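> pasting the sequence and the predicted model now:
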Amino acid sequence: MSADGSNERGRPPSVDRLARAMAEVDLPHAVLVELARAAIADGPDHWSSEAAVERAQHHRATLLAPVVNATGVLLHTNLGRAPLAVHHAAQAVNVEFDLNTGERGSRQAAVGGLLATLCGADAAIVVNNNAAAVLLVLAALAHDRQVLVSRGESVEIGGGFRVPEVMEQSGARLVDVGTTNRTRLTDYSKALARKTADVALVLKVHPSNYRVEGFVEDTPVEQLATLPVPVVADIGSGLIDANTPWLGGPPPVWLAGEPAARQTLAAGAALVTFSGDKLMGGPQSGIIAGDATLVATCARHPLARALRPGAHVLLAVQDVALAYLQRDAAQRIPFWQMAAMPVDELRVRANAVVAAAGVGDVVDSEAIPGAGSAPGTVIPSVAIRVEGDRLAVLRAAHPPVVARTRDGATLLDLRTVHPDDDAHLTAVLRACAS
């Protein structure tokens, strides 16, 4: 009989014995039992204690856990987009309770009011994500009616989000106007003038993670607002104000041309929709802001209940909105801390890590906003370069470090690493050297 309970005739070990062999891995016993059963079902090559422990470790690595983002992608969709500390005591929250009257209140009123003020809108509501925001707007305002969309904006973004498919699920009918590279105001006017036209609104979609250049033309919101139907602008990335007053200086160059909520509404859009976990720097959420009557129509739609966020998300959105309104977002919102960190400060940190670790070189780098925000733009940065592909070793650290490779070397970009993680980065690089 071997140590794991199998014998020379190829008889498998007991499930309990194999599960106990995996006990060194931090997983509940019930999970280890299921892994043991799977190992036995997979055959003799998986029955040894070593193979079982490796299986358990692999499973443990699939669970959600903090990681150090050293990729240089500030809003990394695979790593949760905008980093945000969420603190919520184990207490009840007046989510739908009016403390002034003692009666049932609105889930959306307080946070929506803050967002409306922030965006220069009449009203606002919060849903689960921006896809939900677009879906709700279309279902509430355009069910069984036509929606005009430029062919150049009938896009697919990450995760298979396709405008035509979302339109279909909402019950609205997509009407393509213009061409892939050029759409003019007259294209929309012609679509509105057709005898069969029953147009509910015009949807303008930010192309997000791609850019068409060359012989191109699109119709700005200012022109679309002259049409006799509401304009809904899906600005996607969620920049609040193109002037970035919370940074205390001119807007960063990499934000040039990125649509912003305040300016889009001021240009005449009836509604804007955008993500809360991109350039806004908040939790995963979707914001609908603009005309009070249209927002109220969305809020009353049956889908609004299915798409509404819970207390944790609402509290986080509220904190982020207050940070903007109090003009200290640059200090309180981690995304803007990363984005605004001076290159000289990054270089000092990188030199300190390399000196302490005894491995790597400090090199200039280019970070990117990520998550479809400001496509094609880069942010000057600094990275630590280590020869060879060290990605697997870095991912095996506790907590894991996620980096990138280029030209046969591993790059760890300091712009996306929190300064508190520099000591951990030093230890991991020192292990790489040894």
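Noted; the coordinates are in hand.

> hey, what's the closest residue to G290 other than its chain neighbours bridged with?
Counting by C-beta to C-beta, 6 or more residues apart in numbering, G290 lies nearest to L271, which is 3.7 Å off, once chain neighbours are set aside. For every residue, glycine as well, the C-beta is placed using N, CA and C. Using DSSP bridges, the bridge partners assigned to L271 are V232, G290.

> got a pLDDT number for G236?
The confidence metric pLDDT takes the value 85 at G236.

> quick one: contacts for it?
Counting by C-beta atoms under 8 Å, 6 or more residues apart in numbering, G236 touches 130, 157, 205-206, 208, 259, 274-275, 278, 372-373.

> which of those lies closest to P164?
Closest approach between the contacts of G236 and P164, by C-beta to C-beta: V205, at 11.0 Å.

> isn't that closest one right up against V149?
Yes. The criterion here is C-beta atoms under 8 Å, and V205 meets it with V149 at 6.6 Å.

> show me where the stretch 151-300 of the chain has its helices.
Applying DSSP state H, counting those that start in this stretch to the stretch 151-300 of the chain gives helices spanning 163-170, 185-193, 221-224, 261-266, 292-300.

> pLDDT weak spots in the stretch 1-150 of the chain?
Scanning the stretch 1-150 of the chain for pLDDT under 70 picks out 1-9.

> in it, which spans are strands?
Applying DSSP state E, counting those that start in this stretch to the stretch 1-150 of the chain gives strands spanning 68-69, 123-127, 146-150.

> can you state the direction angle for the second one and helix 292-300?
Translated: strand 123-127. 20 degrees (axes from the mean of the first three to the mean of the last three C-alpha atoms, to 10 degrees).

> partners of strand 123-127, with directions?
Strand pairing for strand 123-127, determined by DSSP bridges: strand 286-290 (antiparallel).

> output the strand it pairs with as PDB, nothing but the C-alphas.
The C-alpha coordinates for strand 286-290 follow below in PDB (Å, rounded to 0.1, in the frame of the first residue of the first chain):
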ATOM      1  CA  GLY A 286     -23.800  52.200 -15.100                       C
ATOM      2  CA  ILE A 287     -25.000  55.800 -15.000                       C
ATOM      3  CA  ILE A 288     -28.000  57.300 -16.800                       C
ATOM      4  CA  ALA A 289     -28.000  61.100 -16.500                       C
ATOM      5  CA  GLY A 290     -29.900  63.900 -18.200                       C
END
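
> now that strand: how far from the chain's centre is it?
Distance of strand 286-290 from its chain centroid, counting by C-alpha atoms, centre = their mean, to the nearest Å, is 16 Å.

> closest to the centroid, which residue in the chain?
Note on the chain: the residue nearest the mean C-alpha position is R81, at 3.8 Å, using C-alpha atoms, centre = their mean.

> that residue touches D277, doesn't it?
Yes. Between R81 and D277 there is a contact under C-beta under 8 Å: 4.3 Å.

> for these two, list the residues in contact with both.
In contact with both R81 and D277: 75, 284, 371, using C-beta under 8 Å, 6+ apart.

> what is the nearest of the residues you listed to R430?
R430 has its nearest neighbour among these in L75, at 29.7 Å by C-beta to C-beta.

> mind listing what that closest one touches?
Contacts for L75 (C-beta under 8 Å, 6+ apart) come out as 81-82, 277-279, 335, 369-371, 373.

> how deep is the closest residue to P419 other than its chain neighbours tucked in, by neighbour count?
Using C-beta to C-beta, 6+ apart and skipping residues adjacent in sequence, the residue nearest P419 is R349, 6.5 Å away. For R349, the count of nearby residues is 19 (other C-beta atoms under 10 Å).

> where are the low-confidence patches of the stretch 151-300 of the chain?
Using pLDDT under 70, the stretch 151-300 of the chain drops low at 157-160, 208-212, 214.

> now with 90, please.
151-168, 179-182, 195-197, 206-218, 236, 238, 248-249, 257 (pLDDT under 90).

> any figure for the gap between the nearest residue to A21 once chain neighbours are set aside and D26?
Leaving aside its chain neighbours, A21 sits nearest to S49 (4.1 Å; criterion: C-beta to C-beta, 6+ apart). In this view, S49 and D26 are 17 Å apart by C-beta to C-beta, to the nearest Å.

> between these two, which one's more packed in?
Legend: neighbour count by other C-beta under 10 Å for S49 and D26, higher for S49 (18 against 9).

> wait, that one touches R20, no?
No. When contacts are counted by C-beta under 8 Å, S49 is not listed as touching R20 (9.5 Å).

> A65 versus L394, what's the distance?
For L394, the distance to A65 - C-beta to C-beta - is 14 Å.

> who has more neighbours, the two?
Legend: neighbour count by other C-beta under 10 Å for L394 and A65, higher for L394 (23 against 10).

> how many neighbours does A233 have?
Every residue meeting other C-beta under 10 Å relative to A233 is counted, giving 26.

> now do the contacts for it.
204, 206, 221, 259, 264, 269, 271-273.

> what do you get if the cut-off is 10 Å, keeping everything else the same?
A233 sits next to 202-206, 221, 224-225, 259, 261, 264-265, 267-274, 290 when contact means C-beta atoms under 10 Å, 6 or more residues apart in numbering.

> of those, select the buried ones using a ChimeraX command.
In ChimeraX syntax, the buried subset of the contacts of A233 is picked out as below (16 or more other C-beta atoms under 10 Å):
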select :202,203,204,205,206,221,224,259,261,264,265,267,268,269,270,271,272,273,274,290
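
> just to revisit the earlier point, need the residues touching each of V205 and V149.
By C-beta under 10 Å, 6+ apart, the residues touching both V205 and V149 are 155, 163, 234.
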